[in-house]
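In: A structural model of the following input is requested.
(one chain, ligands or ions: 2)
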Amino acid sequence: MTTPTLSARGLVKRYGHVTAIDGADFDLLPGEVLAVVGDNGAGKSSLIKALSGALVPDAGEIKVDGETVHFRTPIDARRYGIETVYQDLALSPAQDIASNMFLGREIRRRGPLGLIRKLDTAKMRAEAQRVLDELDIKIKSITQPVETLSGGQRQGVAVARAAAFGTKAVIMDEPTAALGVAESARVLALIDRIRERGLPVVLISHNMPHVFDIADRIHVHRLGRRVAVVSPKTTSMNQVVGLITGALEVDENGEVVESAVSRGLSA
Ligand SMILES: Nc1ncnc2c1ncn2[C@@H]1O[C@H](COP(=O)(O)OP(=O)(O)OP(=O)(O)O)[C@@H](O)[C@H]1O
Ligand SMILES: [Mg+2]
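Out: Numbering: from 1, shown residues only. Ligands and ions are numbered 1, 2, ... in the order given. I've put the predicted structure just below:
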C-alpha cells in the first residue's frame, strides 16, 4: 500500500462546548489533488489548520510520509515542506509581489563586514518572477504593490508562494471562493501545474463543478469528521451532495447508499 504524504488519525479539537474536529481521519496520497468538501461549519478549515500547524489538536496523530509529527506552529509544517494558502491569503497589501512571496523568509546576503545581513532584493525579485512565469501568472511588474492587483492576481501570488516553497504538499482553503469564472479557471490551472510537478494538493471547495473538474479523490467532511472518500469518476455530484447533507452514506462495500437516518425518516 502507498504511504500517504500527509495523514491524520482521530484528530480532536474543542472550543469550549463546540467540537470543531471530532475524531477526524485524513489521507493525502502522493501526487494527487484531494478535494475536501462539507457544509459550512463541518470543520474543514479546522482540519487543515491542524494539518498545517495553525492549530494544535487536543488529541490524535499526524504523520508526514508515515512519520509522526507534532506541529506547534505553521513554521513547523513549512519545515516539512507543507505550504498552506489560507482563505484570507495572509498577504501584506502595501508591499510588492516579491516581498510578499518571501514574507517571513527573506533572502539576505552578507554586508561588507559580514555583520549586517542586507535583504537581497534583486535575488528575491528574480526568483519571484521565475515562479510566476513557471506558473503562467501574468503580472505587469514584480515591483507592483499587492494592493494594486486584482483578486485573481492576488490569489495567483498566494498560490505561487505556496507552490514555490511547498516541497511536500500544498493546502488551499477555498482558493476560488471570491473569484470570477476566468480567474477561477486560472487558479484551477495552477493547481493542475502543481500536480504536474509531482506535488499533492489539498483543495477545500464548495464549488462542485470545480471539485469534479480537478480532484482525483473527494474527502467528504461532516460534523467534524471524515464520512467518506469517493472518486469523482464513479460518484455523481448529487451523490456527493447527499453525503455532505447526511442523506447518503458509504456502506461497508464502499457503495453510496441511503443513510440510516434517511431510511428511518422514510420508513
Ligand atoms: N477559534 C474558534 N473558536 C470557537 N469556535 C470555532 C473556532 N474555529 C472554528 N470554530 C467552530 O468550529 C466549527 C467548525 O468550523 P470550521 O471553520 O472548521 O468549519 P468549515 O467547515 O471550514 O466551514 P466553512 O465551510 O463555513 O468555511 C464551527 O462550528 C465553528 O464555529
Ligand atoms: Mg472554512
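
In: hey, what's the spatially closest residue to residue 33 that is not a sequence neighbour bridged with?
Out: Closest residue to residue 33 apart from its sequence neighbours, by Cβ to Cβ, 6 or more residues apart in numbering: residue 201 at 4.7 Å. For every residue, glycine as well, the C-beta is placed using N, CA and C. Beta-bridge partners of residue 201, counted by DSSP bridges, are residue 33, residue 170.

In: ok, how many other residues are close to the residue of the stretch 51-200 of the chain at minimum distance from ligand 1?
Out: Nearest residue of the stretch 51-200 of the chain to ligand 1 (Cβ to the nearest ligand atom) works out as residue 174 at 6.8 Å. Residue 174 is flanked by 17 other residues according to other Cβ atoms under 10 Å.

In: Quick one: residues contacting it.
Out: 87, 204-206 (Cβ atoms under 8 Å, 6 or more residues apart in numbering).

In: just to revisit the earlier point, quick one: contacts for the residue nearest to residue 33?
Out: With Cβ under 8 Å, 6+ apart, residue 201 has these contacts: 32-34, 169-172, 191, 194-195.

In: and ligand 1, which of those residues reach it?
Out: Contacts with ligand 1 are made by none of the contacts of residue 201, judged by Cβ under 6 Å from any ligand atom.

In: Pull out the buried residues from those residues.
Out: Among these, those that count as buried by neighbour count (16 or more other Cβ atoms under 10 Å) are 32-34, 169-172, 191, 194-195.

In: Read off the pLDDT value for residue 112.
Out: According to the prediction, residue 112 has pLDDT 64.

In: quick one, strands of this protein?
Out: According to DSSP state E, the chain carries its strands in the segments 6-15, 18-28, 33-37, 59-64, 67-69, 82-85, 108-110, 117-119, 169-173, 201-204, 217-222, 225-230, 248-250, 256-258.

In: With distance to residue 240 added, can I get the ones you listed in JSON lines?
Out: Below are these laid out as JSON lines (distance: least, Cβ to Cβ, whole Å):
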{"stretch": "strand 6-15", "distance to residue 240": "21"}
{"stretch": "strand 18-28", "distance to residue 240": "17"}
{"stretch": "strand 33-37", "distance to residue 240": "6"}
{"stretch": "strand 59-64", "distance to residue 240": "25"}
{"stretch": "strand 67-69", "distance to residue 240": "30"}
{"stretch": "strand 82-85", "distance to residue 240": "23"}
{"stretch": "strand 108-110", "distance to residue 240": "47"}
{"stretch": "strand 117-119", "distance to residue 240": "47"}
{"stretch": "strand 169-173", "distance to residue 240": "19"}
{"stretch": "strand 201-204", "distance to residue 240": "14"}
{"stretch": "strand 217-222", "distance to residue 240": "6"}
{"stretch": "strand 225-230", "distance to residue 240": "7"}
{"stretch": "strand 248-250", "distance to residue 240": "9"}
{"stretch": "strand 256-258", "distance to residue 240": "9"}
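
In: Select, out of those, the one closest to residue 158.
Out: strand 82-85 (5.0 Å; Cβ to Cβ).

In: tell me the mean pLDDT for that closest one?
Out: Mean pLDDT, strand 82-85: 91.

In: try stretch 184-197
Out: 88.

In: Buried ones in that stretch, by neighbour count?
Out: 184, 186-188, 190-191, 194-195.

In: Tell me which of the residues you listed fall in helices.
Out: Of the buried residues of stretch 184-197, the ones assigned to helices by DSSP state H are 184, 186-188, 190-191, 194-195.
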